[in-house]
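# Please work out how this folds:
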Amino acid sequence: MQNLVAIKNFVAQHPISTALVTLTGVGFIAMKKWMAGGVCHSKARLDGKTVLITGANTGIGKETAVDLASRGARVILACRDMDRANKAAEVIRKSSGNGNVIVKMLDLASLQSVRELAKDILASEERLDVLINNAGVMSCPKWQTEDGFEMQFGVNHLGHFLLTNLLLDLLKKTTPSRIVNVSSLAHEKGKINFDDINLDKEYTPWTSYRQSKLANVLFTRELALRLQGTGVTTYSLHPGVIRTELGRHFWPEMPLWKRLVYKPLMILLKSPTEGAQTTIHCAVDESLQNQSGLYYSDCSPKPAAPRGQDDEAAKKLWDLSASMVGL
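All right, here's what the predicted structure looks like:
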């Protein structure tokens, strides 16, 4: 009671200060809500269905796994770090109340690893209802994959391109089924460098990342065309700007003054749970059943950038990718 009286007295004596604090607080709440974005409202159950999620041991992949396991799905976590993946699987089982969560080894920087996982899945699984290509690397130095490809293009696009193609027969067998590719708003500034796909002539981390995310959008578009009439539908999406480990390569390289400026703003970014909503929406929402090849953001369809709608480039990228991975 004394605290309430003190607050009332302060408000009465400092009306302008109180108004500013209130407006600031309301503005912050409004901004945080706006940044959180859309929410998947579908209550669809996935009992008896199987979902495979790459990179599901952390971030939005892990939160996606929790949600889909909570809906009754058998969830396969395809991850590179088996120790972290097994720990994540235990958390997902407890959080979802679903014990049917398993871990498989997948290193997207190795085509051999991709082929081994696909072979394992085809031999051990009777169905695959949803494939979520979630794993990725962002803004790393100019590294190479095991097969000599530029790392971001190799992991974010080529590894998922090969995995998807190797699992297509199982997806077709399980129709209606879905393929969800996690892209990014960064695709809008991307360009596919067909004459220098590994960016050997001029590499910058962000140029590479944007190229790989544009590749995700174009792959989704071309895949939809090739899968017309099969019952397999495809979706690409921008999850939002999220507080995850994805920025681990560029954050330490950022000048100290920028980190000091940006650090307080981190609280406004989406949480992994908020960031997973569009992925979940594309994986389960009933209204999307007859949609394919589109791009989504905040749980709604959005026009991809003009370069993301270039059917000729999508076909050319498909042919190049197939050649690079040996399809």
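# which stretches of the protein form helices?
Per DSSP state H, the chain carries helices over the ranges 2-13, 15-36, 59-70, 82-96, 111-124, 151-153, 160-173, 205-226, 256-262, 272-275, 277-284, 311-325.
# Can you list the buried residues in the fifth one?
Neighbour counts using 16 or more other CB atoms under 10 Å place Leu111, Ser113, Val114, Leu117, Ala118, Ile121 of helix 111-124 among the buried residues. C-beta here means a position set from N, CA and C on the backbone, and glycine is covered the same way.
# Tell me the pLDDT of the fourth one.
Reported pLDDT at Leu117 in the predicted model: 98.
# who's in contact with it?
If you count contacts by CB atoms under 8 Å, 6 or more residues apart in numbering, Leu117 has them with Ala78, Lys104, Met105, Leu106, Leu163.
# let's see it at 10 Å
Residues near Leu117 by CB atoms under 10 Å, 6 or more residues apart in numbering: Leu52, Thr54, Ile76, Ala78, Lys104, Met105, Leu106, Asp107, Leu108, Leu163, Leu166, Leu167.
# before we move on, what about the last one?
Contacts for Ile121 (CB under 10 Å, 6+ apart) come out as Thr50, Leu52, Ile76, Ala78, Lys104, Leu106, Leu128, Leu131, Leu163, Leu166, Leu167, Leu170.
# If you tally nearby residues, what's the number for the residue lying closest to the second one once chain neighbours are set aside?
Ranked by CB to CB, 6 or more residues apart in numbering and with sequence neighbours excluded, the top spatial neighbour of Leu52 is Ile76, at 4.4 Å. Other residues near Ile76 number 27, with proximity taken as other CB atoms under 10 Å.
# Look up the pLDDT of Ile76 for me, please.
98.
# Check the gap between it and Asp298 for me.
27 Å (CB to CB, to the nearest Å).
# do Ala118 as well
Shown here: Ala118 relative to Asp298, a distance of 32 Å by CB to CB.
# Then Gly229?
Gly229 sits 30 Å away from Asp298, going by CB to CB.
# okay, these two: which has more neighbours?
Asp298 (19 against 5).
# burial measure for the spatially closest residue to that one that is not a sequence neighbour, as a count.
Spatial nearest neighbour of Asp298, excluding adjacent residues (CB to CB, 6+ apart): Gly38 at 3.5 Å. Neighbour count for Gly38, taken as other CB under 10 Å: 15.
# How about Met151?
If we define neighbours as other CB under 10 Å, then Met151 has 20 of them.
# And for the one 3 residues further on?
Under the neighbour criterion other CB under 10 Å, Gly154 is assigned a count of 26.
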